[in-house]
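In: need the 3D shape of this:
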Amino acid sequence: MKYRVFDTEAEAVAAEAQVSAAIGCPKVGVNAKTGLPAPEAQATERWAIPQQIADGRWVIPSPDDTGVEAEAWLADLGLEYVPDPPEEEE
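Out: Model (predicted):
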């Protein structure tokens, strides 16, 4: 997964709001059984919650696969990226 990296929280929040608006958030939930809109259901209200990384910068997941890989900004911090282990099949 790629991330967009920002120097300030305000920049990250603004970028996330722009993505959320572009994809049509909030999205109304649907009834899983019927597939019909269910306004009383939980809605998707935003794309992501900006997260602060160890060096003080802020990141959000990239909605369009642009940005930097997690490995890149972790390397900047002198850390190693350790991917999640593959899920075991039953």
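In: ok, and what's touching stretch 61-72?
Out: Stretch 61-72 has contacts (C-beta atoms under 8 Å, 6 or more residues apart in numbering) with Met1, Lys2, Tyr3, Arg4, Val5, Val19, Ala22, Ile23, Trp47, Ala48, Tyr81. C-beta coordinates here come from the backbone N, C-alpha and C atoms, glycine included.
In: now Ser20: how far from Gly35?
Out: According to C-beta to C-beta, to the nearest Å, Ser20 stands 24 Å off from Gly35.
In: so of the contacts of stretch 61-72, which ones are in helices?
Out: Of the contacts of stretch 61-72, the ones assigned to helices by DSSP state H are Val19, Ala22.
In: take the contacts of stretch 61-72 and keep only those in strands.
Out: Lys2, Tyr3, Arg4, Val5 (DSSP state E).
In: how many other residues sit next to the first one?
Out: When you say that, I think you mean Lys2. 16 (other C-beta atoms under 10 Å).
In: which residues touch it?
Out: With C-beta under 8 Å, 6+ apart, Lys2 has these contacts: Pro61, Ser62, Asp65, Thr66, Gly67, Val68, Glu69, Ala70.
In: switch to 6 Å and redo it
Out: By C-beta atoms under 6 Å, 6 or more residues apart in numbering, the contact set of Lys2 is Ser62, Asp65, Gly67, Glu69.
In: thinking again about what came up before, the ones in strands among the contacts of stretch 61-72 into a markdown table, with extra columns for distance to Glu40?
Out: As requested, those are exported to a markdown table (distance: C-beta to C-beta, whole Å):
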| residue | distance to Glu40 |
| --- | --- |
| Lys2 | 35 |
| Tyr3 | 34 |
| Arg4 | 33 |
| Val5 | 38 |
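In: so which of those comes closest to Val13?
Out: Arg4 (12.0 Å; C-beta to C-beta).
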